[in-house]
Structures are given as structure tokens and as C-alpha cells.
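> my questions concern the predicted model and sequence given below.
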Amino acid sequence: MSTTPPVPDGFVRRIGLFQATAINMSQMCGIGPFVTIPLMVTAFGGPQAVMGFVAGAVLALADGLVWAELGAAMPGSGGSYVYLRRAFKHRTGRLMPFLFVWTAMLFIPLIMSTGVVGFVQYLGYLAPGLGRTSGDLIGLGVIALVVLLLWRGIEHIARITVVMWTVMIASVLLVIAAAAGDFSPERAFSYPAHAFDVTGNHFWIGFAAGLTIGIYDYLGYNTTAYMGAEIKDPGRTLPRSIVYSILGIMVIYLLLQIGSLGVIDWQRMTDPHDVASTSVASAVLEKAWGKGAADVVTVLILITAFASVFAGLLGGSRVPYDAARDRVFFRPYAKLHPRHRFPTLGLATMGVITAIGFLIGRHTDLQTLIQLLTTVMVIVQALAQIAAVTVLRRRHPDMRRPYRMWLYPLPSAVALIGWLVIYGYADKNSPGRHPIEWSLAWLALGCVAFVVWARFEKVWPFGPRETDDDEPERTAGTRAQA
């Protein structure tokens, strides 16, 4: 029988540092670099695309330190919901946490849907005759299987995640090793004319597109922050799992990108009819080690993609639970499974939205889906959390902070600039798709939903403004156990 004491919100702290880092890395890597290396090369127009992964790493690390300070101080389930509620309730009541949950119910499943799109892309390497309808059905089946595997206790899930993390590491190391054996420096660094001409608008549009793709590849460094109520010693484990996972994935991505460019001509990656534009890792393996080895590693890549979706829905399904229990979101989301203690409706809802996002991505294009999910996320989560760190330091200077951001406020400023660049260039990088307009429309719809919900619940602006006395007792209890 486990001797780990439960936290007041019904979860149990069973995830240690290694498992937490594995969860983050599994969600971060997944299928991301295997499908976005060609997108990155296309955005930059050459092998200088490596800058996109470096810029993404800088933004991820700066934003990760924001998550680290907030997550260590308030390690509850739900991540941003907990932080935004505490920071902004004095001014706008429950509006900000409500809007975060509202947007998270969209952007988290959209991130997972890109992983399933990539899964089907690589499956096409093993089955070249795979039709669109068959691919759609396989993708939907993958999503159903992920939800089924998550329908169990966290102690079983943690073990599954470590196994999947091991497969992920094996797949990327094999691709890196294959690339190293057939690496050509001339091919990897054959820059086109004016590749680094920073005086033209073309360079900066490409850089913004690359930064968007880069940060998409790093998304997931915050997965364990959503699971703060299930992390052992969260004051130490959360910050370390975030930083370790970002640094580890950065090394992996750079080796993958440079290695792939040293084996496959970058022009092939920009040709939509070439296998290198959809299954670049498989193309690298086939050229270096032959078709048989490429098939084997492609299977490992498929498992890696599955692991990413698995880890993402694991953390994301916890987001609406905390809010609903505190009467900051729709009440049915506050129910846990009576035996396995996981949020049933949150998991089911995000599974359905992942399926819808997958079908959208299959019938439009992957880059449009990435632009949409990042613009939806920027305003209510990324920018709001950066503000939350400063607000909480000023309003609650005595709050227990097991970790304080290094070099504050420099990381906040770097993260702010990075997210504004991504948002500002979104429409230019997706002509005709209007991701900014769609993100604002979703936000406006969330505000309408909040007004209707607030009137029903009789809270601000239809009730008294909240104070520190309204902070749920379970949050304080969670911090005490941290």
C-alpha cells in the first residue's frame, strides 16, 4: 500500500524528477522535429533554418523560467489557471482564469492533433498507398487508444510514460547516428545567397515563421506544471524538470536538424512531392543505412509521436478540473474517476477536440494548425503569465517561492518580445488563414461565455469582488505539503 499522502484536492504525489522530466520531454519531442524540419527549412529558405530551433530554445527557456517560479510557488493541478486566478482576481475576479481554461480547452488539443497528423504522415512512409480516408480513420483510432490508456491511475501512467520516453530517446539517437555516419559539411552548410541579409523584410518574416515553428517544437516543457498536485517535492522538482527538459531537447533538435541537412539536400525538403518533405527522418535513415533500417526506425518514430500525444493529454486533461472545482469553470468538469482519481470529463472533451483538430489539420496544412494554436495561446496564457509573475511579486512579496526566476526580470522581457513577434507576424506567415482574427474571435466568444456563466454563478461582475480570504483552503494545503 502506498504511503504517499494525498493532497487536499484528491490527487496523490507519485511523480518524481526523472518521471517528470520524461513526461515533459516525451510531450516536447514527439513527432515535432520529425515533421517540422522541412517546414523550418522552407520558412528560412535554406540550412540557416537552424536559427529557428536556437531562437525557439531561447524563448522556451525564458518562458520556462516564468513557469518554474509560478509552478514552484503554486503547485496545484491546472497550471496557468492557478497562477492567473491568484494574480488577477483583485482586478477582474475570475475572468482571467476562466478565459485561460476556455482557450486551453482549444489549444492543448490542437497541439496534440498536430502530433497525430505527423503520425499519419510517417505511417505513409511505411504504407505509400495509404489513402486520405484510411489515414483519417487510423488517426482517429490512435486518439481513441490514447484516451483508453489514460483511463487509469497515475501510478500506471507514470510507468508507461518512462517506457515511451525510452523509445523516444532511442528513435532520435538512431536518426542522429545515421546522419553522423553519412554527414556532409558541404551539404549541411550550403547557404543560398543573401541567407543572412537582415536588412530585408523577407528575412524577418522567415525568422518569425521559424520562431513559431521552433517554439511549437518545444511546447510541452510546462506539462508537469499542469500536474503540480501529483508531483513529489514540487518546489524543487517542477523547476528542474522544466529546465532539464528544455536543455535536453535543444541538444537533440540541433543534432537532428544539422544532421538531416548534412544527409539530405535542403531543396528536397521544400519539394512537397519528395518524401523528404513529409518523412525527413525516414529519408535520412534510408540514405544512410538502407530501407530496412529506415522502416524499423520509422516504427520507433510512430511510437514517439504516440508518446507525445499521450503525455500532452495526460497533463492537459487536468486543466479544467481545478477550475471547475473552484467554481471558475463548468461544474461537471470537477468530477474525478471514483477509483483511479483522474478527471474523466476533461480527458474525454480534450480527446474529442483533438480528433476535430486532427481532421482540420489533415484537410488544410500542418503549418496553419501550428499558427492557429500558438495565436490562441499567446494572449491568455503566455502574455498573461509573464504579467502574473510581476503582479504577484508586487502584491504578494511574502509568498513562499521555493524557486525565484534567475536574472529577473530579463527572462520575462525576452519571453514577452518573443511571444509578441510570433503573434504580430502570424497573419503574414499564414496568408488567407487569418489566425489572429480567429484567435480574437475565440477570445471574444470566451468573454461572452464568461458573462453568461458569471451571472449564473453570481460572481464578479454580478457579485462581490474577490479577496485573499477567498483563496481555496486546498491551495494553501497543497503549498504546505510542497
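Now that the structure is in, tell me what you want to look at. Please read these numbers as outputs of a predicted model, since none were measured by experiment.

> which SS class is A195?
When classified by DSSP: H, G, I helix; E, B strand; the rest coil, A195 comes out as coil.

> quickly note the distance from it to F44.
8 Å (Cβ to Cβ, to the nearest Å). In short, each C-beta sits where N, CA and C put it, glycine included.

> and for D63?
From D63 to F44 the distance is 22 Å (Cβ to Cβ).

> neighbour-wise, which of the two wins?
Between D63 and F44, counted using other Cβ atoms under 10 Å, the more crowded position is D63 (28 against 23).

> packing partners of the strand or helix carrying that one?
D63 is part of helix 50-73, with elements assigned from DSSP states H and E. On a contact count with 3 or more Cβ pairs under 8 Å, 6 or more residues apart in numbering; DSSP states H and E, helix 50-73 meets helix 32-44, helix 201-218, helix 234-261, helix 384-395, helix 410-424.

> and among those, the most buried is which?
Among the helices and strands packed on helix 50-73, helix 32-44 has the highest mean neighbour count (mean count of other Cβ atoms under 10 Å), at a mean of 26.

> ok and it relative to helix 50-73, angle-wise?
Here helix 32-44 runs at an angle of 130 degrees relative to helix 50-73 (axes from the mean of the first three to the mean of the last three Cα atoms, to 10 degrees).

> hmm, back to that, and the helices and strands packed on helix 50-73: which comes nearest V50?
Comparison of the helices and strands packed on helix 50-73 against V50 by Cβ to Cβ identifies helix 234-261 as nearest, at 5.4 Å.

> that closest one to helix 32-44, inter-axis angle?
60 degrees.

> tell me the angle helix 234-261 makes with helix 201-218.
130 degrees.

> now do helix 234-261: distance to the chain's middle.
13 Å (Cα atoms, centre = their mean, to the nearest Å).

> again, but for stretch 408-424
Averaging C-alpha positions (Cα atoms, centre = their mean) puts stretch 408-424 17 Å from its chain's average.

> now the lengthiest helix in the chain: buried residues?
Using DSSP state H to define each element, the chain has its longest helix at helix 95-126. Within helix 95-126, the residues scored as buried using 16 or more other Cβ atoms under 10 Å are 95-125.

> before we move on, what about stretch 290-302?
Neighbour-count burial for stretch 290-302 [16+ other Cβ under 10 Å]: 294, 297-298, 300-302.

> so which pair among these is furthest apart in space?
Longest span within those, Cβ to Cβ: A294 and L302, 12.6 Å.

> in three-state terms, label T375 for me.
Applying three-state DSSP: T375 is helix.

> which stretches of the chain have low pLDDT?
Within the chain, the stretches with pLDDT under 70 are 1-11, 77-78, 152-158, 161, 337-338, 340-341, 429, 431-432, 467-482.

> re earlier: redo the helices and strands packed on helix 50-73 as CSV? Include distance to F462.
Listed next are the helices and strands packed on helix 50-73 as CSV, based on distance: least, Cβ to Cβ, whole Å:
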stretch, distance to F462
helix 32-44, 43
helix 201-218, 38
helix 234-261, 35
helix 384-395, 23
helix 410-424, 31
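
> out of these, flag the one nearest T21.
That would be helix 234-261 among these, by Cβ to Cβ, at 4.6 Å.

> by contact count, what packs against that closest one?
With contacts taken as 3+ Cβ pairs under 8 Å, 6+ apart, helix 234-261 sits against helix 17-28, helix 32-44, helix 50-73, helix 154-181, helix 185-188, helix 201-218, helix 280-289.

> at 6 Å what do you get?
Here helix 234-261 is seen to pack against helix 17-28, helix 32-44, helix 50-73, helix 154-181 when contacts are counted using 3 or more Cβ pairs under 6 Å, 6 or more residues apart in numbering; DSSP states H and E.

> could I get those helices as CSV with distance to P332?
Below are the helices and strands packed on helix 234-261 laid out as CSV (distance: least, Cβ to Cβ, whole Å):
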stretch, distance to P332
helix 17-28, 26
helix 32-44, 33
helix 50-73, 26
helix 154-181, 21
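
> what's the closest of those helices to T374?
Closest among these, once you apply Cβ to Cβ, is helix 50-73, at 11.1 Å.

> the closest one: how far from the chain's middle?
Offset of helix 50-73 from its chain centre (Cα atoms, centre = their mean): 12 Å.

> beyond it, next helix or strand please.
helix 80-92.
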